[in-house]
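Trainee: dropping the sequence and predicted coords here.
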Amino acid sequence: MPPGPAGNARTDAIVVLTGGEGRIPRALDMLGKGTSKRLFVSGVDKSVKPREFAAEYKVGGGTMACCVVLDYKSVDTVSNASEAAFWIAANRIRSVRLVTSDWHMRRAALELARVAPNDLQIVRDAVPSQPSFETMLLEYHKLLARMALSVVGK
């Protein structure tokens with residue numbers, strides 16, 4: 001999969017949000033190209049074991065051990081951002097490549113920026129998709145709601 005608009009920009013880590021086709025392969029491709037040294041996979045289903053993840057995506061054991069962190073706590077965009085921000089702060093990461101679907105990027109980046117350390121640089125790497133009208137409409141309303149809450153300070 002070719003890199004997105006973020007190109008081959010180097011960052012300290014990659015944060016990928018599960019839930020959309022092509023997201024994890026894009027993140028693993030960028031990790032393999034050396035654009036980052038660590039990968040945080042947010043929102044992994046609790047039933048998925050690390051060895052199953054590695055087998056599914058053809059990730060070597062050495063890479064899994066050194067470089068891939070699977071997050072099982074996140075269940076939505078807000079918790080994706082919170083768990084990623086906690087990991088980012090704990091590991092003193094200053095820049096991340098955020099990988100998610102194109103239709104989801106604006107809200108995902110907004111949520112991450114809201115809870116991450118203030119000096120975090122976020123490089124957006126949106127995976128192209130073909131969302132349904134219903135998906136776009138729902139995401140638009142979620143974004144508007146989040147932006148409204150940001151204005152009132154929540």
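Mentor: On my side now, so go ahead.
Trainee: these two touch, right, Val16 and Asp29?
Mentor: No. At 10.7 Å, Val16 does not count as touching Asp29 under the criterion of CB atoms under 8 Å. Where you see a C-beta, it was placed from the backbone N, CA and C, and this is true even at glycine.
Trainee: who does the longest helix seen in the chain touch, helix- and strand-wise?
Mentor: Longest helix of the chain, by residue count under DSSP state H: helix 133-151. In this structure, helix 133-151 makes packing contacts with helix 105-115, judged by 3 or more CB pairs under 8 Å, 6 or more residues apart in numbering; DSSP states H and E.
Trainee: so the helix it packs on versus helix 133-151, what angle?
Mentor: Interaxial angle, helix 105-115 versus helix 133-151 (axes from the mean of the first three to the mean of the last three CA atoms, to 10 degrees): 30 degrees.
Trainee: in stretch 59-77, what counts as buried?
Mentor: Within stretch 59-77, the residues that count as buried by 16 or more other CB atoms under 10 Å are Val59, Met64, Cys67, Val68, Val69, Leu70, Asp71, Ser74, Thr77.
Trainee: how far off centre is it?
Mentor: Averaging C-alpha positions (CA atoms, centre = their mean, to the nearest Å) puts stretch 59-77 11 Å from its chain's average.
Trainee: end to end on it, go ahead and measure it.
Mentor: The straight-line separation of the ends of stretch 59-77 (CA to CA, to the nearest Å) is 25 Å.
Trainee: and that stretch, average pLDDT?
Mentor: Summarised as a single mean, pLDDT over stretch 59-77 is 96.
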